[in-house]
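Any chance you could fold what I've pasted below:
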Amino acid sequence: MAKYQIYGIGNALVDVEIEVTPEELTRLEIEKGVMTLVEEERHDELMSALTGAQHKRACGGSAANTVIGAAKFGAQSFYSCKVAADETGDFYAADLANEGVTTNLTEMEREEGKTGKCLVMVTPDADRTMNTFLGITGELSAAQVDEAALADSEWLYIEGYLVSSPSAREAAIQTKAIAEKHQVKTALSLSDPNMVKFFGDGLKDMIGSGVDFLFSNEDEALMYTGAETVDAAAEALKSVAKGFAITLGAEGALIWDGSELHSIEPHKVEPVDSNGAGDLFAGAFLYGITHGHSHKNAGRLASFASATLVTEFGPRLSAAGLEKVLARKEELLNG
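Got it, this is the predicted structure:
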């Protein structure tokens, strides 16, 4: 039996979330609903210019949110990333450890530089907009990969955001090759419409000959495949993934288990913040399938967990939110 259920690799970013209005985004010339890479000066300028309620910072990055989410349900998780020898990096490493995730940061000496950070702006429609300064995570490489830990894992999870940095993209490709050498299953998330729009060829390089599971939302799936309908996109994705999930927001999700397409029912909620919903969906789903449950039932848990998350601010479930999901975990996983 593998030591870790999930081995994640992704950008290490300290997230700060601020409530904003659409008018502020327009005034500050910020593209709504997507992730945009910015220089540190622009990040700091926006932090000073935005006046809405600011929530506490947290260790983040898409894959980090996913492995933390899986760990909260009981999965053994490992995370490879790169932070600098600065106060922000100290915070990131400590916060990740506090969330119950094993990491390469405890064994590797950190370099001089600046740890990455992400400004997450949430509008009243619960949409999230991100401006990201990559910092040292843009230099992520295979040197941050613990091959022994990866070989002792059931799944490798790669975030699509790594495609935006040549070094990180190559690290993702090399890590996938290491996983395949050790018969570790591979999963990848398309992460963001802008990643597909501007780095589509790089994502295809990361997927290579295919992955065992692909996560995407509706917009990403349509854009990646060039399809005009979700059904057509689902058919096209079968050529690059043995299984996949297409999240559909308030409409639930579609999950292909390799032989059957399942429609996962939504949960009606009043959303306040969609930040991290896709990440938690992936974490809850991977927890489910690594603990003996079907793709369909893992999708049921993932759908409820992500629906619960969007009723709260922040990329991870609060103690109350987690308790609510755990109370229904067995029911959802056992149909």
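
okay, and the helix or strand of the chain with the least pLDDT?
strand 58-60 (a mean of 92; mean pLDDT, DSSP states H and E).

average pLDDT across the helix or strand that it is followed by?
Remark: after strand 58-60, the chain's next helix or strand is helix 62-73, criterion DSSP states H and E. Taken as a whole, helix 62-73 has an average pLDDT of 97.

do stretch 3-20 as well
On average, stretch 3-20 scores 96.

what residues are up against Ala64?
8, 10, 12-13, 79, 81, 96, 101 (C-beta atoms under 8 Å, 6 or more residues apart in numbering). All C-beta atoms are positioned from the backbone trio N, CA, C, and that covers glycine.

so which pair among those residues is furthest apart in space?
Leu13 and Val101 (14.9 Å; C-beta to C-beta).

Comparing these two, which shows the higher neighbour count?
Shown here are Leu13 and Val101; by other C-beta atoms under 10 Å, Leu13 has more neighbours (30 against 24).

So the more buried one sits against Cys118, correct?
Yes - Leu13 is in contact with Cys118 according to C-beta atoms under 8 Å; the separation is 4.2 Å.

who touches both of these two?
Shared contacts of Leu13 and Cys118, counting by C-beta under 8 Å, 6+ apart, come down to 60-61, 132.

I'd like those written out as a markdown table, with neighbour count and distance to Val122 added.
Below are the shared contacts of Leu13 and Cys118 laid out as a markdown table (neighbours: other C-beta atoms under 10 Å; distance: C-beta to C-beta, whole Å):
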| residue | neighbour count | distance to Val122 |
| --- | --- | --- |
| Gly60 | 31 | 14 |
| Gly61 | 29 | 17 |
| Thr132 | 23 | 15 |
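
Give me the residue at the spatial middle of this structure.
Ser62 (2.9 Å; C-alpha atoms, centre = their mean).

And for that one, nearest residue in space, chain neighbours not counted?
In this structure, Ser62 finds its nearest non-sequential neighbour in Glu159, 4.2 Å apart by C-beta to C-beta, 6 or more residues apart in numbering.

Mind listing the residues bridging to that neighbour?
For Glu159, the beta-bridge partners are Ser189 (DSSP bridges).

mind listing the helices for the stretch 51-200 of the chain?
Using DSSP state H, counting those that start in this stretch, the helices of the stretch 51-200 of the chain run over 62-73, 87-98, 147-151, 166-181, 193-207.

now for the ones you listed, which one comes closest to Thr123?
That would be helix 193-207 among the helices of the stretch 51-200 of the chain, by C-beta to C-beta, at 16.4 Å.

Parallel or antiparallel, which strands does the helix or strand following that closest one pair with?
Proceeding N to C from helix 193-207, the next assigned helix or strand is strand 213-217, under DSSP H and E. Applying DSSP bridges, strand 213-217 is found paired with strand 185-189 (parallel), strand 244-247 (parallel).

contact partners of the longest one?
Put plainly, it is strand 185-189. 62-63, 66, 154-160, 176, 179-180, 206-207, 211-216, 278-279, 282, 286.

what about the closest residue to Val120 other than its chain neighbours, distance to Arg316?
In space, and not counting its chain neighbours, Val120 is closest to Glu17: 4.3 Å by C-beta to C-beta, 6+ apart. Distance of Glu17 to Arg316, computed by C-beta to C-beta, to the nearest Å: 11 Å.

more crowded one of those two?
Glu17 (26 against 23).

Ramachandran angles for the closest residue to Asp127 other than its chain neighbours?
In this structure, Asp127 finds its nearest non-sequential neighbour in Gly33, 5.2 Å apart by C-beta to C-beta, 6+ apart. Note on Gly33: backbone dihedrals following degrees, to the nearest 10 are phi 80, psi 0.

What are the neighbouring residues in contact with Gly33?
Each residue near Gly33 by C-beta under 8 Å, 6+ apart is listed here: 127-129, 193.

State the distance from it to Glu147.
Gly33 is 37 Å from Glu147, where distance means C-beta to C-beta.

Met47 now?
Met47 sits at a distance of 38 Å from Glu147 (criterion: C-beta to C-beta).

Same question for Ala327.
39 Å.

How about Gly10?
In this view, Gly10 and Glu147 are 17 Å apart by C-beta to C-beta.

Pick out whichever of these two has more residues nearby.
The residue with more neighbours, out of Gly10 and Glu147, is Gly10; 29 against 13, by other C-beta under 10 Å.
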